[in-house]
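> generate coordinates for the sequence data below:
(2 chains)
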Amino acid sequence: MRTQSPAAMPATPPPAGPDDGMTAVAAVNLVKVYGSGDTAVRALDGVTVGFARAQFTAIMGPSGSGKSTLMHCLAGLDTATSGRALLGGTDLTALGDKVLTKVRRERIGFVFQSYNLLPQLTAEQNITLPLDLAGKRAEHGLLAHLADVLGITGRLAHRPSELSGGQQQRVAVARALVSRPEVVFADEPTGNLDSRSGAEVLSFLRNSVRELGQTIVMVTHDPTAAAYADRVVLLADGAVAGDLDRPGHAEIADALRDLGAHR
Amino acid sequence: MTVLQTQLTGVARRPARLLLTGLAMLVASFVVFATVLAQQIAERTMLDGLSGTPAAADLVVGGENTGNPARLTPDDLAKLKAVPGVAEAVGRVDTTGQAGGQYLNLTADPGSGPLAITHVTQGRFPAAPGEIAVSPRTADRMGLPVGTAVTLFTSWDDEGEPIKPVKFTVTGLVDARDDYGFTGYAPESTVAALVPDGLLSRAELRFRPGADAAAVRSAVDRIVQSGPAPGEGFERPRVRTGAEVRTAEANEAASGLDALFAVVAMFVAIAVVAAGLVATSTFRIVFAQRMRQLALLRAVGAGRGSISRALAAEGALTGLVAGLAGVLGALAVGHALPPILRGFDLSVASPGWPVLPAIGVLLLSVTITVLAVLAPAFSAARVAPLEALRAASTTGGRRDIGRLRWVFGLLLALGAAGSAGYVITNLPGRDERDYSVEPMLFMVVVSGALAFFALMALGPVLVRPVLAGVGWPLRRLGAIGRLAVGGVGGAPRRAAAVSVVVALGVTLIAGLVVTGASVRVLADRELASTVPADYEVTANGDDPLPAAVYDQAKASTDLAHVTPYRRLEDVLIGGSETKLAVTDLVMRQLPTLDKIDVSAGSLADLGPGKVAISGFTTDLTGLKVGDTTTLKAGDRTARVQVVATLPDGAPLHSYLVLDPSDLTRLGAPAGYSGLLADAAKTGEAGRTAGQKALQQLTQGRAGLGVAVLADERDQLNLVLDGVLAVALGLIGLTVLIAVVGVGTTTALSVVERVRESGLLRAVGLSRGGLRAMLTMESSLYGVIGATIGLLLGVPYAWLSIKALGVNAPLTLPAWQLIAVFVALVAFTALAGVLPARKASRVSPVAALATDG
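Numbers count the residues shown, from 1 in each chain, chains lettered A, B, ... in the order given. Model (predicted):
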């Protein structure tokens, strides 16, 4: 169940092979259909894509392109209609809720657009929540290191309502990283932030890739945010529509415009 | 589209939400209307079954229960039978006789047909003279199975000696309305033959189908009026319809019923108030969840007035729907239950269709709900239009309370403390003279009510400290426990609102449990001296109890703790002029006597030269423990020391208990005056076996009476148990509403916290974990409420017991209170199970997408 034999792989190999040790997450012919009959919507229409280890990848695309759905399926938050969602060789689509919960808790980190901190917990309690749920403790010094780098050391005892948006998102980032997950999924992490706070959060995410070897997959529609990434995967109408390596801001904006024109 | 229309469209889109909001009101309406129906059922059942007159009796000729009796001759009965249109006429008469030292009541009955009040379960109904039937319990208790021959003494001479023996054979066992254990039945002719002149007390007539009731009645009237004038002390029989008589009989029974339902109404009223509190809290939550929508309405130009009016209208609609559902539910249950019960051979009448009370309940429901919605509606309408533009939907609400509320709450608490202090400083000591109970009890109630209102006002600030205490073990449990405690503590106003209702229920239950336990101890103490054993055999004649009776009783395997005693009347104690009875009962030998309470000293110190005296004796002589006094009987005296004083009477209705050697010194004869004994085995069978054993011992010995004291004790315990059970059931209504409130609150907070649930699932909380967390939260409402309830209920129960001035002990029935606590926590946890299940089924994506 946990490992896939190469024989089971599809005929067309993905851009980065799922089992080459370099790929952290991969989608193989992933299809997601919402609804049924006439009202059925194919949010993902056979997406095959891989995300390399220790890389910062951005998924971009217009609204309704399926980028959030792709992320949800890869993160084990949602079930796919067909195809496979591989996390380090584990096919998430084959897992039951219990195992999936454990996978999310121990192998995946999340950063959301609206922070999603629990109001009744302090910043520190919010950060250690996934570890607490797993009954584990943070790696020695990691919490202090993260708090220091993120500049929230003095705010750890505060509740979310006493923090600014940027501080809350930095707490959320710390929460995503503290369990040293195989991959961190970020869903529009700067959507609710002013440009300065957004830049701080993005720089930190990029640094964590460089310095800690963290794998990050970020969904965004903001070319400025995407410019922080090592690679940009473009989605349109539920399928991969482009793949840019270390693109600049202008290159991304052009690609997006082309996507819009094709539609 | 008006503001009201937008809100009503929202309601129409989710009708289940409306019902959830009004759930507490629904339950309250159900309870209120069910009470109305229960009263109807009870009254009709009384009319049907508890009236002594059979339903088939169309006309009753005879006296009323009150006033002078009327008498009918058998000749009259024959004439009544001959009236055209009369299908059957039954004469009623009853008499009491004595069989083997015990009384037997003999009642006339046809034994079959519509006018019979008995039906045969074994053997046959007596037909010939010299035959009787008895009730099953009578057969057991008096040893009269089918086929037994029994001699009944039907009269007594001037000395009280039974005379006029008549021999009877028991031909059958019959079931009747009541079975007291000393009832027999026989045809009218048999019973009438035993009473002077064979006069009947009444006749019951059944008409032929289609008979002219008026014509029959006038014919009957003529017969009654033409009879000779009644003798001294008697009245001419009255003619009444069966319905009239049954109503009169039922009303007599129902006067007690009305008083009972007045008490029921009081508890139902408390439950309705609780439902109102729950409704207020529920509306607050619902409106808080709609804050953004309301702010949007304000932003696009809706006035505060129109918003609060719309919300109040929605409340009224909720009340109407909830009330209607409650009334219909009660009607359904009320009409479904009696036929089912009748299937189990319980004669229970069906209720009617009371339209006016139903409308009244609807109005009550609407009124209470509107009252409940007012405050939340006004505060919701004050929402700033800017709220609509805020991104985060924080609906947890404020954590603190306003300064005004602080002051108000503290004033209430002060009032509660003050009135409680007044009661405490004016409590009666052991001396209860010049003490009036009512104003003190009233003050206790006032203090309790003030304390409760203070709790309502200060609740939100009390939740956190209480939570810090009770949440401690949960927080140790791990992340889920911490989350649950945090979830409840995060919305203290909400937690307070629902916990206060739980606290109300627990306060009442704890009070009841503590008071009940104290009263039981009190009753046990008093019973210990009046009913020290199951049986008492007394020698009523001049001769003492034969020694053989004592020896055989001691040898009997059906009896235990056989204790003989002597008794001496006419003893002078100290310098007093009053002659009092004393006994040498050995207190140690009967287990029941351990329960006797002493006001001072110790019963263990009893021995030669040592005595215990009753409360009356203490008052009369002024003797105290340690004092020495002289007992005088005739010209003999004994010098004794008081080692114990009793609060009430001494055992066996005596005034002083002393050592047998001292009683001998006072000149008491050696023979025993009587003996006490317990049944060797427990239960009804053991009781009957013991009684039979004693009857065998005393049979054929003149002047020996057997009394089953245990029946008296059972009756008292039964009454006490009954009262406690009924009171518990009534308070249960409030608890039910509190639990409904917890369920509703949990269900609604689950709705608004769907994002939080989604996040927790996303970061790795399992479905089971989420369920556990939410169930734990809802049980925490129970924990907080039950803790506050116990903290209030127990002291107030103690205060009321003390204020009653009955010298009852302060008990702390720890196990019962723990059971109450655990039960409440379990109920409130149960209330959270469904919402928790629902929340755990939501997929994390859907949860995160909501309102994102």
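> right, and the helix or strand after the longest helix that chain B contains?
Criterion DSSP state H: the longest helix present in chain B is helix B:242-289. The C-terminal neighbour of helix B:242-289 among helices and strands, as given by DSSP states H and E, is helix B:291-299.
> so what secondary structure elements neighbour that next one?
Contacts defined by 3 or more C-beta pairs under 8 Å, 6 or more residues apart in numbering or on different chains; DSSP states H and E place helix B:291-299 against helix B:3-13, helix B:304-343, helix B:355-381. Heads up, the C-betas are built off the backbone N, CA and C, glycines and all.
> can you lay out those helices as TSV showing mean pLDDT?
As requested, the helices and strands packed on helix B:291-299 are exported to TSV (pLDDT from 0 to 100):
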stretch	mean pLDDT
helix B:3-13	77
helix B:304-343	88
helix B:355-381	90
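> columns distance to residue B:718 and mean neighbour count on top of those helices, output as CSV?
Listed next are these as CSV, based on distance: least, C-beta to C-beta, whole Å; neighbours: other C-beta atoms under 10 Å in any protein chain shown:
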stretch, distance to residue B:718, mean neighbour count
helix B:3-13, 51, 14
helix B:304-343, 22, 19
helix B:355-381, 32, 19
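> now those in JSON lines, with distance to chain A?
As requested, these are exported to JSON lines (distance: least, C-beta to the nearest C-beta, whole Å):
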{"stretch": "helix B:3-13", "distance to chain A": "20"}
{"stretch": "helix B:304-343", "distance to chain A": "26"}
{"stretch": "helix B:355-381", "distance to chain A": "20"}
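> run a quick neighbour tally on the residue in the stretch 151-263 of chain A positioned nearest to chain B.
Closest approach of the stretch 151-263 of chain A to chain B (C-beta to the nearest C-beta) occurs at residue A:192, with a separation of 6.7 Å. Residues lying near residue A:192 (other C-beta atoms under 10 Å in any protein chain shown) number 18.
> likewise for residue B:606?
By other C-beta under 10 Å, 20 other residues sit near residue B:606.
> near chain B, which residues of the stretch 101-250 of chain A?
Residues of the stretch 101-250 of chain A found near chain B (C-beta under 8 Å from any C-beta of the partner chain) are A:101-102, A:104-106, A:110, A:112-114, A:116, A:118-121, A:125, A:129-130, A:132-135, A:161, A:175, A:192.
> thinking again about what came up before, what is the orientation angle of the longest helix of chain B with helix B:291-299?
Here the directions of helix B:242-289 and helix B:291-299 differ by 80 degrees (axes from the mean of the first three to the mean of the last three C-alpha atoms, to 10 degrees).
> just to be sure, residue B:128 is in a strand?
No - going by DSSP: H, G, I helix; E, B strand; the rest coil, the assignment for residue B:128 is coil, not a strand.
> next up, phi/psi of it, please.
Torsion angles at residue B:128 (phi, psi; degrees, to the nearest 10) stand at phi -90, psi 160.
> closest point of the stretch 1-150 of chain A to chain B, which residue?
Chain B sits closest to residue A:105 of the stretch 1-150 of chain A, with a gap of 2.3 Å, by C-beta to the nearest C-beta.
> model confidence for that residue, exactly?
Note for residue A:105: predicted pLDDT of 86.
> how would you label the nearest residue to it once chain neighbours are set aside: helix, strand or coil?
Closest residue in space to residue A:105, ignoring its immediate chain neighbours: residue B:764 at 2.3 Å, by C-beta to C-beta, 6 or more residues apart in numbering or on different chains. What three-state DSSP gives for residue B:764 is coil.
> can you tell me what sits against the helix or strand harbouring residue B:418?
Per DSSP H and E: residue B:418 is located in helix B:403-425. Applying C-beta atoms under 8 Å, 6 or more residues apart in numbering or on different chains, the external contacts of helix B:403-425 come out as B:401, B:440, B:443-444, B:446-448, B:450-451, B:453-454, B:456-458, B:461, B:799, B:802-803.
> if you set the cut-off to 6 Å instead, what comes out?
Helix B:403-425 is contacted by residues B:440, B:443-444, B:446-447, B:450-451, B:453-454, B:457-458, B:799, B:803 when judged by C-beta atoms under 6 Å, 6 or more residues apart in numbering or on different chains.
> residue B:198: neighbour count?
Using other C-beta under 10 Å, residue B:198 has 17 other residues around it.
> what about it, distance to residue B:695?
32 Å (C-beta to C-beta, to the nearest Å).
> follow-up on the earlier one: now the contacts of helix B:403-425 in TSV, with neighbour count and pLDDT?
Shown next, in TSV, are these (neighbours: other C-beta atoms under 10 Å in any protein chain shown; pLDDT from 0 to 100):
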residue	neighbour count	pLDDT
B:440	21	84
B:443	19	88
B:444	22	88
B:446	17	90
B:447	23	92
B:450	20	92
B:451	21	92
B:453	18	90
B:454	21	92
B:457	23	89
B:458	20	89
B:799	22	88
B:803	23	83
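> out of these, which is nearest to chain A?
Of all the contacts of helix B:403-425, chain A sits closest to residue B:458, with 21.5 Å by C-beta to the nearest C-beta.
> contacts only, for that closest one.
Per C-beta under 6 Å, 6+ apart, neighbours of residue B:458: residue B:409.
> what does the residue in chain B that chain A sits nearest to show for phi and psi?
Going by C-beta to the nearest C-beta, chain A is nearest to residue B:764 of chain B, at 2.3 Å. Phi and psi for residue B:764, reported as degrees, to the nearest 10, are phi 110, psi 20.
> contacting residues for it?
Each residue near residue B:764 by C-beta under 6 Å, 6+ apart is listed here: A:101, A:104, A:105, A:130, A:133.
> thought the first one was touching residue B:765?
By that I understand residue A:101. No - in this structure, residue A:101 is not within contact of residue B:765 by C-beta atoms under 6 Å, at 7.1 Å.
> what is the burial count for the closest residue to residue A:135 other than its chain neighbours?
Distances taken as C-beta to C-beta, 6+ apart put residue B:478 closest to residue A:135, at 6.6 Å, once the chain neighbours are dropped. If you count neighbours by other C-beta under 10 Å, residue B:478 ends up with 13.
> the nearest residue to residue B:4 once chain neighbours are set aside: what's it in contact with?
The shortest distance from residue B:4 to any non-neighbouring residue, by C-beta to C-beta, 6+ apart, is to residue B:310 (4.1 Å). Applying C-beta under 6 Å, 6+ apart to residue B:310 gives the contacts B:3, B:4, B:7.
> list the contacts of the last one.
What that stands for is residue B:7. Residues in contact with residue B:7, defined by C-beta under 6 Å, 6+ apart, are B:310, B:314.
> could you rerun that using 8 Å?
When contacts are counted by C-beta under 8 Å, 6+ apart, residue B:7 touches B:310, B:311, B:313, B:314.
> could you do residue A:174 as well?
By C-beta under 8 Å, 6+ apart, the contact set of residue A:174 is A:127, A:143, A:146, A:147, A:150, A:152.
> do residue B:562 as well
Residues in contact with residue B:562 (C-beta under 8 Å, 6+ apart) are B:550, B:553, B:554, B:556, B:675, B:676, B:677.
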